[in-house]
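Enquirer: Fold the following and give me the result.
(2 chains)
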Number of protein chains: 2
Amino acid sequence: MLEKVDLTKKISKEEYKEKMPQLEVRIGRLQRECKALGIPVLIVFEGFGAAGKGLQIGHLIQSMDPRGFEVHPIKNETEEERMHPFMWRFWTKTPARGRIAIYDGSWYRRVLIDRFEKRTKNKDLPAAFHSINSFEQQLAEDGNLIIKLFLDIDKKEQKKRFDKLAKNKETAWRVSQGDRERNAHYDEYAAMMEDMLFKTDTDYAPWTIIEAMDRRFATLKIYTTVIKAMADQIEKVQRQNTEKAAAKAEQAKAEEGIQSAGTGKNGCENDIEEIARETDAEMKELQVSILSKADLTLSYTREEYKEKLDKLQKKLEKLHGELYRRRIPVVLGFEGWDAGGKGGAIKRLTQKMDPRGYVVNPTASPNDIEKAHHYLWRFWRAMPKDGHVAIFDRTWYGRVMVERIEGFCTTEEWKRAYKEINDMEKDLYDAGAIVIKFWMHIDKDEQERRFRERQENPEKQWKITDEDWRNREKWDQYEDAVNEMLMRTSTDYAPWVVVEGNSKYYARVKVLKTVVDAIEQRLREE
Amino acid sequence: MLEKVDLTKKISKEEYKEKMPQLEVRIGRLQRECKALGIPVLIVFEGFGAAGKGLQIGHLIQSMDPRGFEVHPIKNETEEERMHPFMWRFWTKTPARGRIAIYDGSWYRRVLIDRFEKRTKNKDLPAAFHSINSFEQQLAEDGNLIIKLFLDIDKKEQKKRFDKLAKNKETAWRVSQGDRERNAHYDEYAAMMEDMLFKTDTDYAPWTIIEAMDRRFATLKIYTTVIKAMADQIEKVQRQNTEKAAAKAEQAKAEEGIQSAGTGKNGCENDIEEIARETDAEMKELQVSILSKADLTLSYTREEYKEKLDKLQKKLEKLHGELYRRRIPVVLGFEGWDAGGKGGAIKRLTQKMDPRGYVVNPTASPNDIEKAHHYLWRFWRAMPKDGHVAIFDRTWYGRVMVERIEGFCTTEEWKRAYKEINDMEKDLYDAGAIVIKFWMHIDKDEQERRFRERQENPEKQWKITDEDWRNREKWDQYEDAVNEMLMRTSTDYAPWVVVEGNSKYYARVKVLKTVVDAIEQRLREE
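Expert: You can find the predicted model right below:
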């Protein structure tokens, strides 16, 4: 999740000053509503040392009613805590219904600092992760809202902050030997962070990455994230209450002929809905953006293209045979903007491959039989045999893009899909498959150019429909969904590759090269 | 789960003939309703070889509409299947909405036969279990009903059946070398079964043990289990539909002032409810009974008791000091029938222990603060420090007994509690604790005798309340709940011990001896 994050995001002082007051009012409002509805809230602050956890917690609580929250600083264990099971101190610190518990550091210690310092042994990690997930799932199922914030800064920034703290006598104590160690081995520690994020990013307790290089940006994003999560949970509880009350009223009416007193919405709900909607809009510019990091100026000349393409295609032809002999299956998924170049890339990829050894699966809207099954069923059916290559032109990721945006599935459904998809791809990987997913990326202007070209060119007109134009209007919604998808489903074993696609030449070569490299690496490993 | 099962259960020919016809009618009825509601059903048959899976499937499908189900025999993989990820053949064989898929053998192969024959390596087991649980959870969340039946016979019976098959030329082919191997190493294979049952017994896809020594008993239990599960799922879906429709109607009414057309129950529901209720009653005598295996005639004379008690108490006194020195925590949970002897046993247990090293936690109804937290919170708070002993007089198992029976929690809540409790106890064990749970068992007559004694004895009158008599009326319901609890939560790391308690002397000595033995074993292991 981390490697793809764009840490350069900033907010100006003016924008910050303009936006904060209303966010502060909203937090207060939502805290009162959570209290009224008896919703317990856990807010977890994790991340790199000196990323500003303490400072941010200070900001956040300023707008809360102090009678309704508690901050738990989670440092080294006390004697008492050391003498209990690890989760004991956290179980005993869970909030009562209607209250907010804020954790400065948390139960993640055990798979982060304790792991880095080898107090947690590798063999104990699976049980530690199981405990953590079980703890969070139990609380979530019991109605707790769990908000997990990961404050991210890079190695250089961390060092700079440590140095600054160390220089000042009054703050020098805050930089420990351990902090310095973790900075020196930043990459190693970041890999543990990454592993932790992946294993504990669940639908019931998802992680939000907070880009914390710029403190104002971080504050805004934390406020917005907390507000959105609280508003959503309140709406969910209100909806459940309404449904239950309505069902009860209906039943009473049916059974006894009594006219129900009405269980319609109250005034509060509308105000929460409004907060949720407004926050949604504000979330936009704060969201993790992976796409924005893509350098769309990358390009090849026609000559470069021809030469590279030829070389790579010949290489792939050979490798394809080798895959067949060694019985290694390959799964390649293509997603991307309309007119992003999926078709062209797939064509160049397969041009010299033996057609008996690959299949291209075009993914249209599900038919009736497909709809009568789990959404992954049709993709499972199309998974390749050992030694074969399956190419998907659009994929199972439709669940978290078009189905999410068009409302073809419920919020619960697309939220849990990240984990389901990760699990499926893990099964493929465990069975020996090479799995790669490509996001064919172009910018909005380039898309318009290509749409117009298609419309004007009689041979390409079939490629453009009204739906394409309609989808284009939802570009921003798609961008959010794609960024979230890339973050939550790019794994070691099945990475996402963002293909800079404004230059078709560049894109096609990158796809080919990525596939060739991945196969060569696998063959070396075997 | 298996070691505690009473395999001697039988059904007479007469009873069988009397009961089957109505069960067959019900299956047909429920199949039609599942079809109408679009509920896909998976029925998994697993268990020991020669337990009668094929025969039982034959029985079951006789009462089903053949256009609505499919039987999948899961034998060795075909060439095609071997060339795909393991779960591929099962994903592709999931039923469409409204259809029933029956699996003769299943995805459990990989952690059973394949594990026994070392085709599945130990290092691959965690991933295999993860795949299985993920597969089942995904389907369950997508609305599939998953019924898992485990046919259980003992080693001797299995051998007898194999011998009989082998003798006859026409059936000899059905007994493979592998079957003979697994019979020869029955205990080793049973341990794998046990491990599998424990790791995959979930709230979304629970196992039902079918005692398959007596074929009629097995058939009746399979029918009843399938009927109950289908009826429950139908009711759940109907309830959800009603709630949604009612909420929608309410909303429409509130928003537009339109009078809703009414979404009350239809005629079908009542008939399903009736089936569920009747089947519930019939389930009783079919349920796994662990309590019935307890030999309540076990007793000690006063002399035997005195001598043993004295010896064990002295031993425990010493061991208690050793626990403290070695910093080993001990958690002892006491549950049992009212007047089952919990108090007396705890008194004898602690009589010679250093009072600074143990705490007895009496568990009453939760107070307001406890109610404002997760039900496990108050127990977590009371967990012992290293080197200390925590004794619980009544425990967290209230969730699956009194809360279940009195409706203090929802069905979903107590169903998932087994896993939650197993997870908590695993955390305690992983932190080094010795965890033992005692069920103080007496029969109904003995309870009455003790109740009357309490009423007549002025010094004991405080011990008996009207509530005790009321609970007694629910003896049968409690017995079912206790049997299920013992089966689903007795683990290697935190076993249940059923204490034969009609003789108080015997019971107290057994409790003491169990604790002493467990501590001695732990000390030897360290």
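Enquirer: Any buried residues in stretch A:43-55, and which?
Expert: For stretch A:43-55, a neighbour-count test (16 or more other C-beta atoms under 10 Å in any protein chain shown) marks A:43-53 as buried. All C-beta atoms are positioned from the backbone trio N, CA, C, and that covers glycine.
Enquirer: Stretch A:367-381 too?
Expert: Neighbour counts over stretch A:367-381 (16+ other C-beta under 10 Å) mark A:370, A:372-380 as buried.
Enquirer: Listing request: residues of chain A with sub-threshold pLDDT.
Expert: A:256-269 (pLDDT under 70).
Enquirer: Enumerate the residues of the stretch 401-526 of chain A near chain B.
Expert: Proximity of the stretch 401-526 of chain A to chain B, by C-beta under 8 Å from any C-beta of the partner chain, involves residues A:416, A:420, A:423, A:426-428, A:430-431, A:433.
Enquirer: taking the residues you listed one by one, which sit in helices?
Expert: Mapping those onto helices (DSSP state H) picks out A:416, A:420, A:423, A:426-428, A:430.
Enquirer: so which of those residues would you say is closest to residue B:407?
Expert: Closest approach between these and residue B:407, by C-beta to C-beta: residue A:416, at 29.1 Å.
Enquirer: The closest residue to that closest one other than its chain neighbours: what's it in contact with?
Expert: Excluding the flanking residues, the one nearest residue A:416 by C-beta to C-beta, 6 or more residues apart in numbering or on different chains is residue A:203, at 4.1 Å. For residue A:203, the contacting residues are A:412, A:415-416, A:418-419, by C-beta atoms under 8 Å, 6 or more residues apart in numbering or on different chains.
Enquirer: As a check, name the ranges of all strands in chain A.
Expert: A:41-47, A:69-73, A:100-104, A:145-152, A:207-211, A:330-336, A:358-362, A:389-393, A:434-441, A:496-500 (DSSP state E).
Enquirer: Could you report the distance from the nearest residue to residue A:37 once chain neighbours are set aside to residue B:499?
Expert: In space, residue A:37 comes closest to residue A:237 once its chain neighbours are excluded; the distance is 5.2 Å by C-beta to C-beta, 6+ apart. Distance, residue A:237 to residue B:499, by C-beta to C-beta, to the nearest Å: 44 Å.
Enquirer: Same drill for the two, tell me which one is more crowded.
Expert: Using other C-beta atoms under 10 Å in any protein chain shown, the more surrounded residue of residue A:237 and residue B:499 is residue B:499, with 25 against 17.
Enquirer: who's that one bridged to?
Expert: Beta-bridge partners for residue B:499, by DSSP bridges, are residue B:440.
Enquirer: got a list of what it touches?
Expert: Contacts of residue B:499 (C-beta under 8 Å, 6+ apart): B:336, B:341, B:345, B:438-441, B:507, B:510-511.
Enquirer: quick one: which of those is nearest to chain A?
Expert: Distances from chain A to the contacts of residue B:499, taken as C-beta to the nearest C-beta, are shortest for residue B:438 (21.2 Å).
Enquirer: Hmm, the closest one is touching residue B:334, no?
Expert: Yes. The criterion here is C-beta atoms under 8 Å, and residue B:438 meets it with residue B:334 at 5.2 Å.
Enquirer: okay, and the common contacts of these two?
Expert: Joint contacts of residue B:438 and residue B:334 (C-beta under 8 Å, 6+ apart) are B:342, B:345.
Enquirer: so what's the residue nearest to residue A:42 when sequence neighbours are not counted up against?
Expert: Distances taken as C-beta to C-beta, 6+ apart place residue A:146 nearest to residue A:42, at 4.8 Å, with adjacent residues excluded. For residue A:146, the contacting residues are A:42, A:44, A:136, A:139-140, A:204-205, by C-beta under 8 Å, 6+ apart.
Enquirer: Please identify the residues of the stretch 101-250 of chain A in proximity to chain B?
Expert: So the stretch 101-250 of chain A meets chain B at A:124, A:126-127, A:130-131, A:134, A:138-139, A:141-142, A:144, A:239, A:242-244, A:246-247, A:249-250 (C-beta under 8 Å from any C-beta).
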